[in-house]
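Asker: Structure, please.
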Amino acid sequence: MKNLIITTAALALTAGMAMAGTIRMGTEGAYPPYNFINDSGEVDGFERELGDELCKRAELTCEWVTNEWDSIIPNLVSGNYDTIIAGMSITAEREEVIDFTQNYTQPDPSAYLAMSEDVDLKGAVIAAQTGTIQAAFVAASGATLVEFATPDETIAAVRNGEADAVLADKTYLAPIADEDADLMLLSQEELIGGGVGMGIRESDGELKAKFDAAIQSMKDDGSLNALIEKWEIGATF
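Answerer: Presented below is the predicted three-dimensional model:
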């Protein structure tokens, strides 16, 4: 799903062991249906429901913390929270800085959203959220990349003519295309990323093991697939 490329060195770990108290679950809160802020001002979405169930199964007390996407890994490493559960794809670049649990979603195709089916993607101006592997993919493709801090800004760039298309997770873009007659998904898709997992500090092996076991138990009893289908995240396990 969403995919942060790490371009800076890891910050020194200053936090104590995560297992010592309440586990702080870090998310963006701006990428529905994975995570968003509801009308009550609370974190909601697929990952909120999943995270609460994982904490229950792992017998952990958890609370939710929001953080902007571009600093979400550095702030995990520096101890502002104990996990990342924010639609983050498991990549080799990230694994140089943090650990991941096993994946809790399959790889989600990346799709292009545009205002015309006639976009020449090879020569187009493509918008992507800063720090995602969609942005890295566009930069390597030969197209012109324009980056924005938030997903909403990438959509606005297409609407106002700053970009010919936006590349992002299909799960995120499809509802937008359904709700706006001026926007459409293009037929071309890109399969990038290796599924979504929880980010954990490398020093917190015990916490990682607890969440790994909880994720596996949800796979085994079918409850993870039920959540994936409920939130229309993508392919089931």
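Asker: Within its sheet, name the partner strands of the biggest strand by length in the chain and how each one runs.
Answerer: Counting residues, the longest strand found in the chain (DSSP state E) is strand 184-190. Here strand 184-190 is paired, per DSSP bridges, with strand 110-114 (antiparallel).
Asker: Could you pull up phi and psi at the most centrally placed residue in the chain?
Answerer: Centroid check for the chain by C-alpha atoms, centre = their mean gives G87 as the closest residue, at 2.1 Å. As for G87, its main-chain torsions (degrees, to the nearest 10) stand at phi 60, psi 30.
Asker: Report the buried residues of the helix or strand that contains T154.
Answerer: Taking DSSP states H and E as the criterion, T154 maps to helix 151-159. For helix 151-159, the neighbour count (16 or more other C-beta atoms under 10 Å) marks P151, E153, T154, I155, A157, V158 as buried. C-beta coordinates here come from the backbone N, C-alpha and C atoms, glycine included.
Asker: Tell me the one among these nearest to L224.
Answerer: P151 (24.4 Å; C-beta to C-beta).
Asker: Now for that closest one: which residues touch it?
Answerer: A30, Y31, Q129, A168, Y172 (C-beta atoms under 8 Å, 6 or more residues apart in numbering).
Asker: where in the chain is pLDDT low?
Answerer: Applying pLDDT under 70 to the chain picks out residues 1-20.
Asker: From the centre of it, give me the residue that's furthest out.
Answerer: The chain, farthest from centre, C-alpha atoms, centre = their mean: D118 at 28.9 Å.
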